[in-house]
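Student: Build me a model:
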Amino acid sequence: MNEPFEFAGFTFPKQVAMLPRGTWKQRLEHKRNPTVGPYFTSPSPNPQGTSFYLDSDFMPELRWEWCDEVAGVRIDHTGWFTNQFQDDKIRGLVMRLPHGRGFLAGWSMGKSMASEVEYHIYDEQLDAAYAADSLAEHVAERQREFEEEQDRELRESEDEDAD
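Tutor: The predicted model follows:
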């Protein structure tokens, strides 16, 4: 559990209240089949980014698009595979800040799936798209390495049990 601390005049950690977005039908469907609950947040002095579920009630209210769909970008794939079976992908994500203030780069596993966006602001959408693709590649590579390590440990424990 996080230690309580004070930041910007508020005591953290605290629960962030969020009202669901969308039409009455969408809100009713979300209530029947919730995907995530309220977040408990503790801002850190040097935040690197924020995590959320794409197209959920708790994601940042920014317009977004996949990095490979940005106009003028030369990314010829739709994500990076996270395992050897090539059935899960992580895809780059570009979010547009309001009033032409720039763009954010991030990654996502798909709609209603784990996503993250970094706080570095890019002036050009193409720069954010290439950064998002690079982030997605890095995260997918870390996931592949993690799964390979888990498989190796499982095989070693099975070998020890067989002896």
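Student: So which bits of stretch 69-87 are buried?
Tutor: 70, 73, 75, 79-82 (16 or more other C-beta atoms under 10 Å). Any C-beta I mention is one placed from the backbone N, CA and C, and that applies to glycine too.
Student: Excluding its own residues, what touches it? List them.
Tutor: 66-68, 88-92, 94, 109, 125-126, 128-130, 133, 136-137, 139-141, 143-144, 147 (C-beta atoms under 8 Å, 6 or more residues apart in numbering).
Student: ok, now stretch 140-153?
Tutor: With C-beta under 8 Å, 6+ apart as the criterion, stretch 140-153 contacts 79-84, 89-90.
Student: and those residues as CSV, adding distance to residue 25, pLDDT and secondary structure?
Tutor: As requested, the contacts of stretch 140-153 are exported to CSV (distance: C-beta to C-beta, whole Å; pLDDT from 0 to 100; DSSP: H, G, I helix; E, B strand; the rest coil):
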residue, distance to residue 25, pLDDT, secondary structure
79, 30, 91, coil
80, 35, 90, strand
81, 35, 88, strand
82, 33, 84, coil
83, 36, 79, coil
84, 40, 77, coil
89, 30, 89, strand
90, 31, 91, strand
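Student: between the residues you listed, which is closest to residue 156?
Tutor: residue 84 (18.1 Å; C-beta to C-beta).
Student: measure the closest one to residue 91 for me?
Tutor: 18 Å (C-beta to C-beta, to the nearest Å).
Student: Ok, residue 22 next?
Tutor: Residue 22 is 23 Å from residue 91, by C-beta to C-beta.
Student: now do residue 158
Tutor: Residue 158 is 34 Å from residue 91, by C-beta to C-beta.
Student: Endpoint to endpoint, stretch 66-73 covers what distance?
Tutor: Counting by C-alpha to C-alpha, to the nearest Å, you get 11 Å between the two ends of stretch 66-73.
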